[in-house]
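# Just need the structure, nothing else, for what follows:
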Amino acid sequence: MPPQLRQETRGPAAIVIDGAQQALSVARNLGRSGVPVYALTSSSEGVRFSRYARWLPMADGGSPKSWERFLLDPASDFLAGSVLLACTDSAIQLVARNSEQLSRKFLIEEGDREIRLCLLDKFRTYEKAKEARIPIVAYELLESFLQLDSLAERLRFPLIIKPLYSPDSEALGAKFVMVNNRNELSEKGRRLLRLGVPSVAMEFVPGGDDLLCSYYTYMDENSHPLVEFTKRLLRRSPMHTGIGCYHVTDWNPEIAELGRRFFQHVKLKGIGNIEFKRDRRDGQFKVIEANARFTSADAVVTKSGIDLATITYNRLTHRPLPPVRPYRKGLVLWLPAEDIRAFFQLRALGKITFGRWLSSLLRVRQLPYFSWRDPLPSFYVNAVRTVRLARMAKPRIVVSIREFGGGTRR
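From the prediction side, this is the model:
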């Protein structure tokens, strides 16, 4: 371990495990208040260049396996007493799988590990929602080839098939696959079953991404919400399947009541986030997924006035919690490159005009990476994206030049 990485004396350090935008947001929130922050993330993440964090380099560039070895190994003893903060599903799995050993050396997040693992499992999440009488579309565990034909009889098309565990989505190249008819169900369902990816099939809630909204909270030891927050999503990139690229803070009491009921039913302690989509067929909000961790929208949650990172850290280190005040509504988190792609996709479908899209940008108050006080992560991330786009565009440019020059030489 490099000699400059030493435990400071300003209180326990925080170790941020995995994550992109959310890892950077958590590091900045804690670092600004003087907490020493270390980042266990991939070498490709912008947080490694933040002035508020010290990146812990691994021989393989950073992966769940190397982070696990490091945390369990004596090499991490100099960080004993630090707070572990999971920013992805893989990080939750890592900590939960080794909670007994890790808790001897570090402070791990509140709550029963089984509850955190339950929320990683889409099928178990939907079962819990049904128990709590939270609206949910019809769904079924995908288990065998023989089941595919009967699924087409029991569920309404279009369907989506998603892995039970989000980390498995890498095998698909997307968060879920859309299924529009019986033939697609047979083809795509068989592919997933051959891959051995545990999956759940569920009815797709029709309508655009602007029907999505989320509830955030921090539940104490009695499952009482210390803070509550809601936001809505206007656009994803790509539409339906990609990451949210235009978020707006608001207050939706119906969403808050449903989210609060769900997390109290599962007896959550700590951070909770649950996403819903309004089903225009019956007007109800239907559960999409739930998390027990920081999410990619953490920067705008903080900007609005709710600092989940500091609440978590102070709870675990027995420090006074930040005062709870009304948060700011109408703040927008915007991902520029992703939202430009979303605009072109929506415009091609006749769902948005250039003027309407441009006017929505006037409300932007938060970018995922940029900060005047901490600019390097943004410069790094944008440089990487520019290089990637240049590589993707190079073949097209070459073809265009050849066409312009009269064709390929023989």
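# who's in contact with the nearest residue to Leu185 once chain neighbours are set aside?
Leaving aside its chain neighbours, Leu185 sits nearest to Val179 (4.8 Å; criterion: CB to CB, 6 or more residues apart in numbering). To be clear about C-beta, it is placed using only N, CA and C from the backbone, and glycine gets the same treatment. For Val179, the contact set (CB atoms under 8 Å, 6 or more residues apart in numbering) comprises Phe157, Pro158, Leu159, Ile160, Ile161, Leu185, Lys188, Gly189, Ala201.
# and what of Ser44?
Counting by CB under 8 Å, 6+ apart, Ser44 has contacts Gly61, Val384.
# Now do the SS call for the nearest residue to Leu226 once chain neighbours are set aside.
For Leu226, the nearest residue in space outside its immediate sequence neighbours is Tyr218; the separation is 4.6 Å by CB to CB, 6+ apart. Look at Tyr218: counting by DSSP: H, G, I helix; E, B strand; the rest coil, its state is strand.
# Tyr218 bridge partners, please.
Val227, Ile271 (DSSP bridges).
# pLDDT score assigned to the residue nearest to Leu185?
Per-residue confidence (pLDDT) for Val179: 93.
# still on that earlier bit, so the residue nearest to Leu226 touches Leu268, yeah?
No. Taking contact to mean CB atoms under 8 Å, the distance of 9.4 Å between Tyr218 and Leu268 leaves them out of contact.
# which residues in the stretch 1-150 of the chain form strands?
Ranges of strands within the stretch 1-150 of the chain are 14-17, 37-40, 54-55, 83-86, 139-142, based on DSSP state E, counting those that start in this stretch.
# dump the residue contacts of Thr317.
Gly11, Pro12, Val83, Leu107 are the contacts of Thr317 under CB under 8 Å, 6+ apart.
# 6 Å instead, please
Contact analysis of Thr317 by CB atoms under 6 Å, 6 or more residues apart in numbering lists Pro12.
# Can you give me the separation between it and Phe106?
As defined by CB to CB, to the nearest Å, Thr317 lies at a distance of 12 Å from Phe106.
# can you check Phe145 too?
44 Å.
# When the two are compared, which one has more neighbours?
Between Phe145 and Phe106, Phe106 has the larger neighbour count (other CB atoms under 10 Å), namely 20 against 12.
# Could you report the pLDDT at that one?
We have a pLDDT of 98 for Phe106.
# Hmm, it is touching Leu85, no?
No. Between Phe106 and Leu85 there is no contact under CB atoms under 6 Å: 10.2 Å.
# got the contact list for the spatially most central residue of the chain?
Centroid-nearest residue in the chain, with CA atoms, centre = their mean: Thr295, separated by 4.2 Å. Going by CB under 6 Å, 6+ apart, Thr295 touches Gln22, Asn273.
# on that earlier part again, against Ala129, how distant is the residue nearest to Leu185?
The value you get for Val179 to Ala129, if CB to CB is used, is 22 Å.
# can you pull out the helices in the stretch 51-200 of the chain?
Per DSSP state H, counting those that start in this stretch, the stretch 51-200 of the chain has helices spanning 64-72, 89-97, 99-105, 113-120, 122-131, 147-154, 182-195. These are given in chain order.
# ranking the ones you listed by burial, who's on top?
helix 89-97 (a mean of 21; mean count of other CB atoms under 10 Å).
# helices or strands up against that helix?
Identification of packing neighbours for helix 89-97 by 3 or more CB pairs under 6 Å, 6 or more residues apart in numbering; DSSP states H and E yields helix 64-72, strand 83-86, helix 113-120.
# Report the angle between that helix and helix 64-72.
An angle of 40 degrees separates the directions of helix 89-97 and helix 64-72 when computed by axes from the mean of the first three to the mean of the last three CA atoms, to 10 degrees.
# still on that earlier bit, Throw the contacts of Val179 into a markdown table and include pLDDT and distance to Asp89, thanks.
Listed next are the contacts of Val179 as a markdown table, based on pLDDT from 0 to 100; distance: CB to CB, whole Å:
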| residue | pLDDT | distance to Asp89 |
| --- | --- | --- |
| Phe157 | 93 | 28 |
| Pro158 | 93 | 25 |
| Leu159 | 94 | 23 |
| Ile160 | 93 | 18 |
| Ile161 | 92 | 18 |
| Leu185 | 92 | 26 |
| Lys188 | 89 | 23 |
| Gly189 | 89 | 23 |
| Ala201 | 94 | 20 |
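# Tell me the one among those residues nearest to Arg124.
When the contacts of Val179 are compared for distance to Arg124, the smallest value, 15.3 Å, is given by Ala201; criterion: CB to CB.
# Okay, and the beta partners of that closest one?
Here Ala201 sits in beta bridges with Glu140, Ile161, going by DSSP bridges.
# For it, give its distance to Glu184.
If you measure Ala201 against Glu184 using CB to CB, the figure is 12 Å.
# quick one: contacts for Gln22?
Cys87, Phe294, Thr295, Ser296, Asp298.
# What subset of the residues you listed is buried?
When burial is judged by neighbour count using 16 or more other CB atoms under 10 Å, the buried members of those are Cys87, Phe294, Thr295, Ser296, Asp298.
# A strand includes Phe294, no?
No. Looking at Phe294 with three-state DSSP, it is coil, so not inside a strand.
# can you pull the contacts of it?
Under the contact definition (CB under 6 Å, 6+ apart), the residues listed for Phe294 are Gln22, Val26, Cys87.
# can we see that at 8 Å?
Residues in contact with Phe294, defined by CB under 8 Å, 6+ apart, are Gly19, Gln22, Ala23, Ser25, Val26, Leu85, Ala86, Cys87, Ile271, Leu308, Ala309.
# Same question for Trp334.
The contact partners of Trp334, by CB under 8 Å, 6+ apart, come to Cys245, Tyr246, Leu361, Val364, Gln366, Leu367.
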